[in-house]
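Student: kindly return the folded structure for what I paste below:
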Amino acid sequence: MTSAIGSRGRRLQAGQTLLEMLLVLALMVLVLGVAVATVAGGRARPPADAALDGVAAMLQQVRRAAVSEGRTLTLNWEAERRTLAWRERSLTLPGTGDMRLSSPSAPESRAARLDIAFRPDGSCDPFIVMLDGGGPGERRWRVDPWTARLALQEKAP
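Tutor: Predicted coordinates for the structure are as follows:
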């Protein structure tokens, strides 16, 4: 460090003040936090959640087709093959976790096959998607019959 003479004739020490050091430290923490969030955000999602995204995308695809064609279309769920099928398109769900589709009138049933009608007005038959990802408890999504979007259901106490 070098010394200098101030306006009142006192010697001043050259260097950083405590405030400057705290500012640099705060900036370093901020940059590190952004870096960690970026890396953590790039992690792969669990296969069960990725499968749920595929189900949601297929619901919207069939709904759009029913509206644009002006006729009722059917989406088929086959539990044994773990497949959603519509026309020539099909979605096979991964084997991890247990996913089932059922009607709201019998949510606990394990139907081998479920046919879901999508009508020209954009509505569809109501149904529930149940997923047991191997963790504690089962998650359920209710499909809105007017928008065909998935909405997570709260568990009953």
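
Student: list the contacts of stretch 18-25.
Tutor: Contacts to stretch 18-25, defined as CB atoms under 8 Å, 6 or more residues apart in numbering, come from no residue at all. The C-beta positions use only the backbone N, C-alpha and C, and glycine is treated the same way.

Student: hmm, 10 Å instead?
Tutor: The contact list for stretch 18-25, computed with CB atoms under 10 Å, 6 or more residues apart in numbering, reads 15-17.

Student: which parts of it are buried?
Tutor: For stretch 18-25, a neighbour-count test (16 or more other CB atoms under 10 Å) marks nothing as buried.

Student: mean confidence for it?
Tutor: The average pLDDT for stretch 18-25 rounds to 92.

Student: distance from the chain centre to that stretch, please.
Tutor: Relative to the chain's own centre, stretch 18-25 is displaced by 39 Å; criterion: CA atoms, centre = their mean, to the nearest Å.

Student: just stretch 98-108 next, same as before
Tutor: So, by CA atoms, centre = their mean, the centroid of stretch 98-108 is 21 Å from its chain's centroid.

Student: again, but for stretch 16-25
Tutor: 41 Å.

Student: with the contacts of stretch 18-25 in mind, which one is nearest to R63?
Tutor: Lowest distance from R63 to the contacts of stretch 18-25 (CB to CB) belongs to Q16, with 61.8 Å.

Student: where does D121 land in three-state SS?
Tutor: coil (DSSP: H, G, I helix; E, B strand; the rest coil).

Student: that one reaches T147, doesn't it?
Tutor: No - the pair D121 / T147 is not scored as a contact, 11.6 Å apart, by CB atoms under 10 Å.

Student: who has more neighbours out of these two?
Tutor: T147 (14 against 11; other CB atoms under 10 Å).

Student: go ahead and confirm the more buried one touches A56.
Tutor: No - counting by CB under 10 Å, T147 does not reach A56; the two are 11.1 Å apart.

Student: leaving out sequence neighbours, find the closest residue to P126.
Tutor: P145 (4.6 Å; CB to CB, 6 or more residues apart in numbering).
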